[in-house]
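>>> kindly generate the corresponding structure for this input.
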Amino acid sequence: MRQRKEARAAAKATSTTRSTSAGVSTARAVASATAAPAAGNLRVKKRVKKRVKSLQRGLGSPFEQGLQKVLCSVRKPPAFYTACSQAARELSELLAENGVWRGRLLPFGSVVQGTCCEGSDCDLALVLGKSPEFIDPVDILELAVKAVRASESSFQVLQQIFTARVPVLRLLWRPIVKQKRGVPAGDPLELDLCVGTTSSAQSDLLLATLLSAEAWGRDTSVLLKTWAKRRKVHGAFEGLLSSYCWTLLVVYSLRRARSAGVSPDSLQASVRTVLEDVCELGRGGGNQAVDAARGSVVRGDQGASRRWGRARPPLTILDPVLGPGSNAARCLTRDGWQLCLSEARRAVELFPSSGAQQGGLPKPGSFAEELFRAPGEEQGGAGATGRSPVSSEDEDSSDDEASGGADLEAEWARHVGLGRGKKRRKVRTHVLGTKQRRTKSKAEK
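This next block holds a predicted model:
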């Protein structure tokens, strides 16, 4: 009996000792987790924070932050390119089922380049196979219209532009709502369908390769196209530079800077380099051709052929695939080129000089707003640059005297006749009609 009691007492003492040691170890662990960090860890954290702040000051200036903010807001996400691929695949299947064409459906333009921004759509080209007889592109597109309207698909005909030099069929693609579980329905997408060749797709593939070789290639192209669209210096139909031409100028400028050993080290420097090179092209006169692939400028008689007419084009941009004899800026007029140069000079003046703030920029944070501000928006401050909205002749003259932009307004007024005069005349007619009605009502009283 005594031995049993002693054994029980020994076992009880052992369990008590184990529980006590376990509690002590647990308490120590909790204390070490909640205790204040050592002095060495605090020093490391301070160094990391100091390093982060220095990097933010060096790479995140107000101008750079403004550009990055605009870039994030206008650049298309990867889902946009996925939607373009899906829409092209569905349209290819639809046209093949209805026997519209016996070729391939190739994307081209900014979708292939990877430079889609606000307002970008999906450009598709019907590349026909070899045929002994001539095929009218309008006939092919009319068959595509019948196929789309006859079938119950996710496509809708928006516009038929068959009288242009390159006939285009504009479609709207709406993703099917009934998809796999967990996959939401996408946004509608506009498609521009035309009948073309493989040369356009090859040019865009080459541009995509050249842009990817530069550190800020694609981002600079997206910002420059956004700037051109908002400042109204974009559009081949209006005698201005197209998106393809602006991208070629980006490639030309960045490759030229690389060959000179002065590649830009930031997005701000890259955009400014391109705009300064555009201004420099304006000083050289019209007898020059831009070779974007080589980053050089050659004489106009070496690059462009004589088939563009008796008048020499204001600027010749060689196509990287077609080579000599081609001109990607064949629709550019002299008034349109002068307007592009005026806007480029205005943009260069908004950039700071050696970190100093220019007089035309009230605050560093408003750099992106001023650079990408549309010409029709009100500026709300003395000394603001840009074109003033058109309301009447008296307001135009007062705005010119206040802002000092008479030369830019005069160039814009001359250029309006290329395709924008209808809106201007309509606004003025409306204003004159309002004044006449007010005068008549006063006379009746």
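>>> ok but A125 is inside a strand, no?
Yes: the assignment for A125 is a strand, going by DSSP: H, G, I helix; E, B strand; the rest coil.
>>> what residues does it make contact with?
Applying C-beta atoms under 8 Å, 6 or more residues apart in numbering, we find A125 in contact with L105, L106, P107, F108, L193, C194, V195, G196, T197, S200, A201. Yep, even glycine has a C-beta here, placed from its N, CA and C like the rest.
>>> mind running it again at 7 Å?
L106, F108, C194, V195, G196, S200, A201 (C-beta atoms under 7 Å, 6 or more residues apart in numbering).
>>> buried among the residues you listed? Make that a ChimeraX selection.
A single ChimeraX command selects the buried members of the contacts of A125 (16 or more other C-beta atoms under 10 Å):
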select :106,108,194,195,196,200,201
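>>> pLDDT, secondary structure and distance to S154 added to the contacts of A125, as TSV?
Below are those laid out as TSV (pLDDT from 0 to 100; DSSP: H, G, I helix; E, B strand; the rest coil; distance: C-beta to C-beta, whole Å):
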residue	pLDDT	secondary structure	distance to S154
L106	90	strand	21
F108	92	strand	22
C194	92	strand	20
V195	89	strand	22
G196	83	strand	24
S200	77	helix	26
A201	84	helix	24
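>>> show me which of the contacts of A125 is closest to D319.
S200 (9.4 Å; C-beta to C-beta).
>>> could you find the closest non-adjacent residue to that closest one?
F108 (4.5 Å; C-beta to C-beta, 6 or more residues apart in numbering).
>>> is it true that that neighbour touches D204?
Yes: proximity of F108 to D204 meets the contact threshold set by C-beta atoms under 7 Å, at 5.1 Å.
>>> what stretches of the stretch 251-400 of the chain score poorly on pLDDT?
For the stretch 251-400 of the chain, the stretches with pLDDT under 70 are 286, 300-311, 353-368, 377-400.
>>> before we move on, the earlier item: need the max-distance pair from the contacts of A125.
V195 and A201 (13.3 Å).
>>> part of a helix, is V112?
Yes: assessed with three-state DSSP, V112 lies in a helix.
>>> chain neighbours aside, what residue packs nearest to it?
With C-beta to C-beta, 6+ apart as the criterion, V112 has its nearest non-adjacent residue at 3.8 Å, and that residue is D204.
>>> can you name every helix or strand that the strand or helix carrying that neighbour contacts?
Per DSSP states H and E: D204 is located in helix 198-212. Here helix 198-212 is seen to pack against strand 104-108, helix 110-113, strand 122-127, helix 217-230, helix 243-259 when contacts are counted using 3 or more C-beta pairs under 7 Å, 6 or more residues apart in numbering; DSSP states H and E.
>>> contact partners for D121?
D121 touches E190, L191, D192, counting by C-beta under 7 Å, 6+ apart.
>>> show residues contacting the strand or helix carrying L275.
For L275, the host element (DSSP H and E) is helix 267-283. Here helix 267-283 makes contact (C-beta under 7 Å, 6+ apart) with 63-64, 67-68, 216, 219-220, 223-224, 249-250, 253-254, 256-257, 264, 290, 315, 341, 344-345, 347-348, 351.
>>> cool, and stretch 148-160?
E90, L91, L94, V145, L169, R170, L171, L172, W173, R174, P175, I176.
>>> tilt between the host helix or strand of the second one and strand 122-127?
Right, L91. Following DSSP H and E, one finds L91 within helix 78-97. Per axes from the mean of the first three to the mean of the last three C-alpha atoms, to 10 degrees, the angle that helix 78-97 makes with strand 122-127 is 30 degrees.
>>> what helices and strands are in contact with helix 78-97?
By 3+ C-beta pairs under 7 Å, 6+ apart, helix 78-97 packs against strand 104-108, strand 122-127, helix 137-150, strand 189-196.
>>> mind saving the C-alpha coords of the third one as PDB?
Output of helix 137-150 as PDB, limited to C-alpha atoms (Å, rounded to 0.1, in the frame of the first residue of the first chain):
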ATOM      1  CA  PRO A 137     -13.900  45.000-101.300                       C
ATOM      2  CA  VAL A 138     -17.400  46.600-101.200                       C
ATOM      3  CA  ASP A 139     -18.900  43.400-102.400                       C
ATOM      4  CA  ILE A 140     -17.200  41.400 -99.700                       C
ATOM      5  CA  LEU A 141     -18.300  43.800 -97.000                       C
ATOM      6  CA  GLU A 142     -21.900  43.800 -98.300                       C
ATOM      7  CA  LEU A 143     -21.900  40.000 -98.000                       C
ATOM      8  CA  ALA A 144     -20.600  40.400 -94.400                       C
ATOM      9  CA  VAL A 145     -23.400  42.800 -93.600                       C
ATOM     10  CA  LYS A 146     -26.000  40.200 -94.900                       C
ATOM     11  CA  ALA A 147     -24.300  37.500 -92.900                       C
ATOM     12  CA  VAL A 148     -24.400  39.500 -89.600                       C
ATOM     13  CA  ARG A 149     -28.000  40.600 -90.000                       C
ATOM     14  CA  ALA A 150     -29.200  37.200 -91.000                       C
END
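>>> name whatever forms a beta bridge with the residue nearest to S200.
Bridge pairing for F108 (DSSP bridges) gives the partners D123.
>>> what separates it from E280, distance-wise?
Going from F108 to E280 by C-beta to C-beta, to the nearest Å gives 30 Å.
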